[in-house]
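everything below, folded, please.
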Amino acid sequence: ERIKKLLLLLVRYIFWYCFIEAFLHFFYVSAFKYEKSIVATFDMWTLAGLGFTIGQFFHMKYVFFYGISRPFLLADGIQPPNHPKCIARIHLYSDMWRYFDEGLHKFMHRYIYLPVMNVLGHSRNLLMQLIAAIICFSFVYLWHGIMPHVFTWSALNFIGILVEKSASAIWHTESYQRMEKYLLSARGQRRLHAALSAPLFMMSICSNMYFLLGEEIGPLFLNKALTSWPLGTPTTLFFLYCGAQTSIEIKNWELNRAITALSQRQHAL
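Below is the predicted model:
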């Protein structure tokens, strides 16, 4: 069984390596970071296609980088961090940091976030969490390189986490939950959450463009995303709303699958 699993995983990661090589043979998306004058002429559709393709290529590259060692570790009985989840089905900043580079997230949580929270007196209020988050993202900035576009990427990510944490704190209050349940059905609540997360989803994508394409191309994405009225920006937000709905659906499916697996284990015992 272990040999079978090892071989299947090797085939899986070798397939994605060949896929990436074939992709790079025909598409030179990474070269656009050196061609600001060309990217500046792109309309909203073309720019969105470039951003999506760049993000997916970066994801697939790290699936191979982080994944190729997994078969050998698992064969030795070592449980490694999971390789990145597909970024096209993650709409929250917190989930992106938790599931893209799982090893880095676990390192920061164990050796930076929790020790800082302990120094602050085990307080779990929002202010203490934000102080710990500032220190974590300062480490992220230093870790990835002290460069202007890395700083912008780190700062935008921190702002996204700040907005997300603040919204979560409001949502968890008893008065807000009563109001939301009184005014909206379960489907209406989900639609509201997806609609509110769409602008944050847009900022997450734009911040990643700073990291992936540099300080000259990144602002083009942010400017186009915010100023393409009356058609481009609303259309983009609509598609991101649909993406948030897809992300929520997949998260629910994963949660139900985990609950079912736990129930089966309990019955087996």
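
okay, now residue 116: neighbour count?
A count of neighbours around residue 116, defined by other CB atoms under 10 Å, yields 17. (Each C-beta comes from the backbone N, C-alpha and C, glycine too.)

so residue 246 makes contact with residue 89?
Yes - using CB atoms under 8 Å, residue 246 makes contact with residue 89 at a distance of 6.0 Å.

check what pLDDT residue 123 gets.
On pLDDT, residue 123 comes in at 60.

so where's the stretch 101-250 of the chain uncertain?
Where the stretch 101-250 of the chain drops to pLDDT under 70, the residues are 122-124.

would you list every one of the helices in it?
Listed in chain order, the helices of the stretch 101-250 of the chain (DSSP state H, counting those that start in this stretch) span 102-108, 114-119, 126-144, 148-171, 174-183, 186-213, 218-227, 232-268.

tilt between the last one and helix 186-213?
With axes from the mean of the first three to the mean of the last three CA atoms, to 10 degrees as the criterion, the two stretches helix 232-268 and helix 186-213 enclose an angle of 110 degrees.

in helix 232-268, which residues are buried?
Under the neighbour-count criterion of 16 or more other CB atoms under 10 Å, helix 232-268 has 232, 233, 236, 237, 240, 241, 243, 244, 245, 247, 248 buried.

could you save those as CSV and add columns showing distance to residue 170?
Written out in CSV, the entries for the buried residues of helix 232-268 read as follows (distance: CB to CB, whole Å):
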residue, distance to residue 170
232, 30
233, 25
236, 26
237, 21
240, 21
241, 20
243, 23
244, 18
245, 21
247, 21
248, 18
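
can you tell me how far the closest residue to residue 247 other than its chain neighbours is from residue 160?
Excluding the flanking residues, the one nearest residue 247 by CB to CB, 6 or more residues apart in numbering is residue 91, at 4.1 Å. Residue 91 is 11 Å from residue 160, where distance means CB to CB, to the nearest Å.

more crowded one of the two?
More neighbours surround residue 91 than the other of residue 91 and residue 160, with 25 against 20 (other CB under 10 Å).

wait, residue 171 sits on residue 177?
Yes - shown here, residue 171 and residue 177 form a contact pair, counting by CB under 8 Å, at 7.2 Å.

quick one: residues contacting the spatially most central residue of the chain.
The structure's the chain has its C-alpha centroid closest to residue 96; by CA atoms, centre = their mean the separation is 2.3 Å. Residue 96 is in contact with 87, 90, 204, counting by CB atoms under 8 Å, 6 or more residues apart in numbering.

can you do 10 Å?
The neighbours of residue 96, taking CB atoms under 10 Å, 6 or more residues apart in numbering as the test, are 84, 85, 87, 90, 105, 157, 160, 161, 201, 204, 207, 208.

what does residue 68 give?
Taking CB under 10 Å, 6+ apart, we find residue 68 in contact with 9, 10, 12, 13, 14, 16, 17, 83.

could you pick out the buried ones from these?
Counted by 16+ other CB under 10 Å, the contacts of residue 68 give 9, 12, 13, 16, 17, 83 as buried.
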